[in-house]
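Novice: Starting from these lines, generate the structure:
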Amino acid sequence: MRGKHGGGFRVARLFGLGLWGAGVLLGAGSARAQQTGGGDTGQEEAATGALACFKRAEREVSLSEEQALRLCQGAASVEPAECYIASQSPGVFLEPEQAIELCRCATSTEPAECFQRADHETTLDTPQILQLCSPSLNYGLLQDCQSSFLPTRPWLVPHMR
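Specialist: The predicted structure is shown next:
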């Protein structure tokens, strides 16, 4: 039997989960701010990065406006466009839609290099290699390149007694 104060533990547990969620959100925001230079200027730099990526993808890589937007949305730098360029090299050469899927949220040309190595060193097919090498697919990143890890139903998280 719980007694008259039995509900207090449940409230404390929910409060703890709320603090944990807030810590995760603040930690992710802090890490993003550190990567981009911190504070409000980090958001401006990220927007500048996405804009620079978009311009490069649209003009220099000859993607359509819609394709360049999908490639660069949420990008912190021009790297997704650089990755796309690397994905068009003779050793890799992917179709535009596959290259966008591979390079979305990339922070270097590593996804294209990973694809090339996996294509030559394994028997995996293209969709499997994309799943393996693409940061957005591999890490389950959202459209804005943020992690989708946060629990959507914290009440389903197992509790200890």
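
Novice: And for residue 65, nearest residue in space, chain neighbours not counted?
Specialist: Once flanking residues are discounted, residue 65 sits nearest to residue 58: 6.1 Å by C-beta to C-beta, 6 or more residues apart in numbering. Any C-beta I mention is one placed from the backbone N, CA and C, and that applies to glycine too.

Novice: Please work out how many residues are found near that neighbour.
Specialist: 19 (other C-beta atoms under 10 Å).

Novice: Please enumerate the strands of the protein.
Specialist: Counting by DSSP state E, no segments of the chain form strands.

Novice: returning to that earlier point: tell me the spacing between the residue nearest to residue 65 and residue 114.
Specialist: 25 Å (C-beta to C-beta, to the nearest Å).

Novice: cool, residue 93 as well?
Specialist: 15 Å.

Novice: check contacts around residue 82.
Specialist: 106, 108-109 (C-beta atoms under 8 Å, 6 or more residues apart in numbering).

Novice: next one: residue 126
Specialist: Residue 126 neighbours (C-beta under 8 Å, 6+ apart): 94, 98, 119.

Novice: so which of those is the most crowded?
Specialist: residue 94 (22 neighbours).

Novice: ok, now how distant is that residue from residue 102?
Specialist: 6 Å.

Novice: Common neighbours of those two, please.
Specialist: 87, 115.
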